[in-house]
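# Sequence first, then the predicted structure:
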Amino acid sequence: MSRILNNNRLLVLLFIAVIGLLLGSVSVTGGGEDDHEHEDTLAQEQDKHEGHDHDDVAHENDGHDHDTDDAKHPDEQTATDAHAGHDHEDELTVELSPEAVKLAGISISTVGRGRIEQCIELPGEVGFNEDRVVHIAPRFAGIALKANYRIGDHVSFGDVVAVVESNESMSAYSIKAPMSGWVISRHVTAGEFVSEENSIYVIADLSTVWVNLAVYPKDAHRIRKGQVVEIDAVGSSIRATGKIEYISPIMDLRTRSLTARVVLSNMDKVWRPGAFVQAMIATEGGDEGLVVDKGAVQFLEGQSVVFVVDGTNRFRPIDVVTGAGNARQIRILHGLKDGAKYVSGGAFELKAKIVTSNMDAHAGHSH
């Protein structure tokens, strides 16, 4: 009986062992598949995560690189612009030999402070100096026996201009020139009757002339005696400078203007009465500022420039901003400093040299 029980127990234990082995095999097999699937899932998630991180990093790197490029760009652009500007400035700088400087008529001045005088332009006409015009008439009526001078002749003081036979004394007497001058009018012929009421000759001293300027109401308050006037003869290169010596107190009824008079010396007889003139009168300017000669400012490559001294016989154009000016000077608002040396004469020749050099350079490049 005991042996039977032991055998049964042994069978049960074997059965349990077999069942355990079978269950263990199934458990191991199922766990391997789960682990494999889990590993695949982790790998996919890791790939996604790495891809996401990679994209993020790539985007961040792209942004960082772009920002870096942008950050670098202004500095690089500034350096490039500065270099280009320096090269451009070097291209425009003109260096001449001493002989070329002399030939171009280069003159140097210093930038200084001053006031720009505003100018008034007035039309006018040359006239006789009425203080030096004489009308000659006989002292006694009679018959003109001689008329010695014609219009345009020059007479000297004391010359006999005519001989008249008096109706009262029936004797002849001479009429002499009271001053030296030019015969500008004659109203006598030998054999005709003349009287003391009418002039037979008009003589004018042309060593001085009057220039009568028309001053219109809008400019009347700016004109005063003693002002310097530059006068140009219309249609010629004749020019003179004088001062206003007289201003009429009343308006001319025909022209509705005042007359301002300038007395000019005319020893060489270039100013002829009746000629038209254009006058320039400088009036007081505005505030004080930097000024240069007007001819120093040139227009180069779309910009107003002044050539400054940049070494021995070396000249460099500087961009400037100009203000008010007149026929002689112009205000500099920006670009130059007080005391700077600049080209006051010959600036146009320097500009022409730059323009010509640039044209030659472009022609060579095209070729």
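Great, that's in hand.

# from here on, contacts and neighbour counts on C-alpha atoms
Noted.

# Correct me if wrong, but S344 is in a helix.
No - going by DSSP: H, G, I helix; E, B strand; the rest coil, the assignment for S344 is strand, not a helix.

# Tell me how far the closest residue to it other than its chain neighbours lies from R256.
Nearest residue to S344, sequence neighbours excluded (CA to CA, 6 or more residues apart in numbering): A296, at 4.8 Å. Distance, A296 to R256, using CA to CA, to the nearest Å: 40 Å.

# More neighbours: these two, which one.
Counted by other CA atoms under 10 Å, A296 and R256 do not tie: A296 has more neighbours, with 22 against 13.

# Now for that one: which residues touch it?
Neighbouring residues of A296 by CA atoms under 8 Å, 6 or more residues apart in numbering: V306, F307, Y342, V343, S344, G345, G346, A347, F348.

# doesn't Q298 make contact with the last one?
Yes - under the criterion of CA atoms under 8 Å, F348 lies in contact with Q298, with a separation of 6.7 Å.

# Find the residues that touch each one of these two.
By CA under 8 Å, 6+ apart, no residue touches both F348 and Q298.

# Contacts for the biggest strand by length in the chain, please.
Identified as the longest strand of the chain according to DSSP state E is strand 118-128. The contact list for strand 118-128, computed with CA under 8 Å, 6+ apart, reads 204, 206, 208-215, 219, 271-285, 325-326.

# The same query, at a cut-off of 7 Å, please.
209-215, 272-285, 326 (CA atoms under 7 Å, 6 or more residues apart in numbering).

# Any stretches of the stretch 51-200 of the chain with poor pLDDT?
Within the stretch 51-200 of the chain, the stretches with pLDDT under 70 are 51-91.

# show me where it has strands.
Secondary structure of the stretch 51-200 of the chain (DSSP state E, counting those that start in this stretch): strands at 94-95, 107-110, 112-114, 118-128, 133-136, 142-147, 154-155, 160-166, 172-176, 181-186, 193-194.

# for the longest strand of the chain, the distance to its chain's centre please.
Mean-position distance between strand 118-128 and its chain equals 26 Å (CA atoms, centre = their mean, to the nearest Å).

# rewinding a little: the strands of the stretch 51-200 of the chain into JSON lines, with extra columns for mean neighbour count and distance to Y246?
JSON lines is the format used below for the strands of the stretch 51-200 of the chain (neighbours: other CA atoms under 10 Å; distance: least, CA to CA, whole Å):
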{"stretch": "strand 94-95", "mean neighbour count": "18", "distance to Y246": "51"}
{"stretch": "strand 107-110", "mean neighbour count": "16", "distance to Y246": "37"}
{"stretch": "strand 112-114", "mean neighbour count": "16", "distance to Y246": "29"}
{"stretch": "strand 118-128", "mean neighbour count": "19", "distance to Y246": "14"}
{"stretch": "strand 133-136", "mean neighbour count": "18", "distance to Y246": "18"}
{"stretch": "strand 142-147", "mean neighbour count": "21", "distance to Y246": "37"}
{"stretch": "strand 154-155", "mean neighbour count": "18", "distance to Y246": "29"}
{"stretch": "strand 160-166", "mean neighbour count": "21", "distance to Y246": "34"}
{"stretch": "strand 172-176", "mean neighbour count": "17", "distance to Y246": "32"}
{"stretch": "strand 181-186", "mean neighbour count": "19", "distance to Y246": "24"}
{"stretch": "strand 193-194", "mean neighbour count": "20", "distance to Y246": "37"}
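
# Out of these, flag the one nearest G235.
With respect to G235, and counting by CA to CA, the nearest of the strands of the stretch 51-200 of the chain is strand 118-128 at 12.9 Å.

# Distance check, the closest residue to P217 other than its chain neighbours against A282.
Of all residues not flanking P217 in the chain, S257 sits nearest, at 6.6 Å (CA to CA, 6+ apart). From S257 across to A282, the span is 19 Å (CA to CA).

# Likewise for I151?
Between I151 and A282 the distance is 39 Å, computed by CA to CA.

# can you check H221 too?
Separation of H221 from A282 (CA to CA) stands at 13 Å.

# When the two are compared, which one has more neighbours?
More neighbours surround A282 than the other of H221 and A282, with 19 against 9 (other CA under 10 Å).

# Tell me the backbone dihedrals of the more buried one, please.
When read as degrees, to the nearest 10, the backbone of A282 gives phi -90, psi 130.

# pLDDT value on it, please?
pLDDT recorded at A282 is 81.

# Not counting sequence-adjacent ones, nearest residue to it?
C119 (4.4 Å).

# What of D287?
Using CA to CA, 6+ apart, the nearest residue to D287 is R115, at 6.2 Å.

# burial count for that neighbour?
18.

# I figured it hits T283, correct?
No - with contact defined as CA atoms under 7 Å, R115 and T283 do not form a contacting pair (10.5 Å).

# ok, back up a step: distance to H334 added to the strands of the stretch 51-200 of the chain, as JSON lines?
Output for these, formatted as JSON lines (distance: least, CA to CA, whole Å):
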{"stretch": "strand 94-95", "distance to H334": "22"}
{"stretch": "strand 107-110", "distance to H334": "16"}
{"stretch": "strand 112-114", "distance to H334": "13"}
{"stretch": "strand 118-128", "distance to H334": "20"}
{"stretch": "strand 133-136", "distance to H334": "55"}
{"stretch": "strand 142-147", "distance to H334": "71"}
{"stretch": "strand 154-155", "distance to H334": "59"}
{"stretch": "strand 160-166", "distance to H334": "68"}
{"stretch": "strand 172-176", "distance to H334": "69"}
{"stretch": "strand 181-186", "distance to H334": "57"}
{"stretch": "strand 193-194", "distance to H334": "75"}
